[in-house]
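1. When you get a sec, could you give me coordinates for this:
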Amino acid sequence: MTDQNTRTEEFQVNGDALLAKVKELLHEGNIRRILIRDEAGKTLIEFPVTLGVVGVFLAPQLAAIGAIAALVTKCTIVVEKES
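-> Okay, the predicted model is just below:
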């Protein structure tokens with residue numbers, strides 16, 4: 001559920017570029033939540049990004065994203081950002 005202060009962006013990526021794109025988005029900041037969907041639109045993983053959470057706290061999510069990247073050929077990254 002989004003509110004008035006949140007906007008959504010979608011990025012189509014290949015599986016091999018998935019982890020790099022997520023890391024790039026995390027470095028941009030202002031992200032509230034990330035969803036990764038397969039070609040059919042099914043959500044594979046969804047996780048909130050809390051302000052100040054970096055490094056070791058994101059390691060499990062990044063490991064899961066790496067595993068997903070090995071299984072999918074194309075996917076969509078949905079990013080909720082603070083406006």
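
2. so what's Ile77 bridging to?
-> Ile77 has the following beta-bridge partners by DSSP bridges: Phe11, Ile36.

3. give the contact list for Ile36.
-> For Ile36, the contact set (Cβ atoms under 8 Å, 6 or more residues apart in numbering) comprises Leu18, Val22, Thr43, Leu44, Ile45, Glu46, Ile65, Ile68, Cys75, Thr76, Ile77, Val78. Just so you know, the C-beta spots here come from the backbone N, C-alpha and C atoms, and that holds for glycine as well.

4. Please flag which of the residues you listed sit within strands.
-> Thr43, Leu44, Ile45, Glu46, Cys75, Thr76, Ile77, Val78 (DSSP state E).

5. Tell me the one among the residues you listed nearest to Glu28.
-> Nearest to Glu28 out of these is Ile77 (Cβ to Cβ; 12.3 Å).

6. Tell me how far that closest one lies from Glu10.
-> 7 Å (Cβ to Cβ, to the nearest Å).

7. if you count what's nearby, which of the two comes out ahead?
-> Higher neighbour count among Ile77 and Glu10: Ile77, with 19 against 10, using other Cβ atoms under 10 Å.

8. what's the spatially most central residue of the chain in contact with, if anything?
-> For the chain, the residue nearest the mean C-alpha position is Ile34 (3.5 Å; Cα atoms, centre = their mean). Neighbouring residues of Ile34 by Cβ under 8 Å, 6+ apart: Val22, Leu25, Glu46, Phe47, Val49, Ile77, Val78, Val79, Glu80.
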